[in-house]
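Enquirer: quick one, fold the following:
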Amino acid sequence: MNRYMKLFTMSMLAVFLFAACEEENNEDSNNDPGENEVWMEDIAFSPSEKNVSVGTTVKWINKDDVDHTVTSSEGLFDSGNIAAGEIYEYTFDSAGTYDYVCTLHSGMTGTVIVGETGSNGDDDNGGGGGDY
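Expert: This is a model prediction of the structure:
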């Protein structure tokens, strides 16, 4: 009986530790968008402006409970409806400023500023900087 009690205790401890580690990992990863991420939460894009280099793939992650879209103002890309928890990705192959909207929520707008490769989103005329 003693052997079974030890096995039971070790099993319960392992379950507890696994659950605690999983909760800690979720908390760490849910604080802020990653380097090339934009979150859709609270009916807003966060950050609303993102600076990246040419060739960067940006991920939009829907953290809200409602659908959103990521739709280029110039018609370059359109995600269609993105359900809660889903991700849309787009790779920016050319330098420039790319405005986008959520067609389902009128005030939800964002911008991706793409700089030359290796410049981390800074352009040659003093603009750029920001969040990477």
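Enquirer: break the chain down into its domains, please.
Expert: Per the record, the chain has its domains at 1-31, 37-115, by automatic domain parsing.
Enquirer: what's the most buried one of those domains?
Expert: Mean neighbours per residue, mean count of other Cβ atoms under 10 Å, is largest over the domains of the chain for domain 37-115, with a mean of 17. C-beta: built from backbone N, CA, C; applies to glycine.
Enquirer: lowest-confidence stretch among the domains of the chain?
Expert: The minimum mean pLDDT among these belongs to domain 1-31 (a mean of 57).
Enquirer: all helices of the chain, in order?
Expert: Remark: helices assigned in the chain by DSSP state H are 2-29.
Enquirer: so which residues of it form strands?
Expert: For the chain, strands defined by DSSP state E occupy the ranges 37-40, 45-46, 49-53, 56-62, 71-72, 87-92, 96-101, 109-115.
Enquirer: now distance to N2 too, for the ones you listed, in JSON lines please.
Expert: Output for those, formatted as JSON lines (distance: least, Cβ to Cβ, whole Å):
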{"stretch": "strand 37-40", "distance to N2": "51"}
{"stretch": "strand 45-46", "distance to N2": "55"}
{"stretch": "strand 49-53", "distance to N2": "60"}
{"stretch": "strand 56-62", "distance to N2": "50"}
{"stretch": "strand 71-72", "distance to N2": "65"}
{"stretch": "strand 87-92", "distance to N2": "50"}
{"stretch": "strand 96-101", "distance to N2": "64"}
{"stretch": "strand 109-115", "distance to N2": "62"}
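Enquirer: which one, of the ones you listed, ends up nearest to D78?
Expert: With Cβ to Cβ, the closest approach to D78 among the strands of the chain belongs to strand 71-72: 4.7 Å.
Enquirer: what sits closest to Y88 if chain neighbours are left out?
Expert: Distances taken as Cβ to Cβ, 6 or more residues apart in numbering put S79 closest to Y88, at 3.9 Å, once the chain neighbours are dropped.
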